[in-house]
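> just the structure for this:
(one chain, ligands or ions: 2)
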Amino acid sequence: MYKSKINYQRATFLTSAPDIKALPADAGIEVAFAGRSNAGKSSALNTLTRQNSLARTSKTPGRTQLINTFSLDDQRRLIDLPGYGFAKVPLAVKEKWQKSLAEYLTKRTSLKGLVVLMDIRHPLKDLDQDLIQWAVDSKLSVLILLTKADKLASGARKKTLLEVREATLAFMGDITVHAFSSLNKHGLPELEQVLDLWYEAEGAAVTE
Ligand SMILES: Nc1nc2c(ncn2[C@@H]2O[C@H](COP(=O)(O)OP(=O)(O)OP(=O)(O)O)[C@@H](O)[C@H]2O)c(=O)[nH]1
Ligand SMILES: [Mg+2]
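Ligands and ions are numbered 1, 2, ... in the order given. Modelled structure (predicted):
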């Protein structure tokens with residue numbers, strides 16, 4: 001098993017920011033979780049940090065409307081971004097939070113890597129592809145997590161994983177793809193290993 005170098009359980013809530021002006025100082029290293037509404041971003045953060053209610057989750061898409069920041073230590077932060085692609089939200093609200101999302105992604109210097117979460121049953125929708133291409137063009141490292149992997153049997157899960165890996169070659173970037181489940185913790189060691197690398201705290205190799 002992979003032993004992570006960073007103690008993700010130590011994460012503490014910092015701020016909920018309506019726009020980037022309200023974020024903590026733009027120093028150190030940030031890793032942000034992005035994806036469609038309901039993809040499982042907040043759940044994945046809670047799984048990573050072994051805290052059930054650090055990030056608020058919901059059956060109702062559009063739960064996370066602010067940029068929520070969590071501290072790992074004085075140099076490292078995790079970010080829970082508002083989801084995109086959810087139609088049933090008042091336009092004014094949607095525009096406001098999509099704007100703060102775009103602002104965060106384009107202006108935040110400490111942003112080192114983007115975790116893009118997609119439901120394994122509906123991967124690579126248009127907005128996901130736009131986000132991944134933008135991240136690659138911006139020289140960000142990308143980790144794709146195919147979430148809710150528990151919803152598929154292992155054969156179908158592996159098939160989708162290979163298909164998505166193949167499809168992401170076209171983006172010509174630094175992209176890693178793993179299946180993930182917050183329900184049964186599938187893919188958690190892989191997530192920790194990639195984050196350790198981005199946070200410049202590489203741990204021991206995965207040995208099985
Ligand atoms: N079966 C299963 N359900 C999951 C998993 N991860 C999340 N869910 C469910 O999916 C729903 C959405 O999860 P959230 O973590 O709130 O999703 P989000 O991406 O943060 O959503 P927004 O904040 O609205 O953008 C909740 O009902 C979760 O319980 C998983 O790994 N397996
Ligand atoms: Mg959320």
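> the most centrally placed residue in the chain and residue 121, how far apart?
In the chain, the residue lying closest to the centroid (Cα atoms, centre = their mean) is residue 33, at 2.3 Å. Shown here: residue 33 relative to residue 121, a distance of 19 Å by Cβ to Cβ, to the nearest Å. All C-beta atoms are positioned from the backbone trio N, CA, C, and that covers glycine.
> excluding covalently adjacent residues, which one is nearest to residue 13?
Excluding its sequence neighbours, the residue lying closest to residue 13 (Cβ to Cβ, 6 or more residues apart in numbering) is residue 70, at 5.8 Å.
> cool, and residue 160?
residue 120 (5.6 Å).
> what residues does that neighbour make contact with?
146, 147, 148, 149, 151, 152, 157, 160, 179 (Cβ atoms under 8 Å, 6 or more residues apart in numbering).
> likewise residue 14?
Per Cβ under 8 Å, 6+ apart, neighbours of residue 14: 24, 69, 70, 71, 77.
> now, which of the contacts of residue 120 lie close to ligand 1?
147, 148, 151 (Cβ under 6 Å from any ligand atom).
> find the closest residue to ligand 1 in this structure.
With Cβ to the nearest ligand atom as the measure, residue 83 is the residue of the chain nearest to ligand 1, at 2.4 Å.
> which strands or helices does the longest strand along the chain pack on?
Of all segments of type strand in the chain, defined using DSSP state E, the longest is strand 111-119. Contacts defined by 3 or more Cβ pairs under 8 Å, 6 or more residues apart in numbering; DSSP states H and E place strand 111-119 against strand 29-35, helix 41-49, helix 91-107, helix 126-137, strand 141-147, helix 188-198.
> compare the ones you listed and give me the one nearest ligand 2.
helix 41-49 (3.3 Å; Cβ to the ion).
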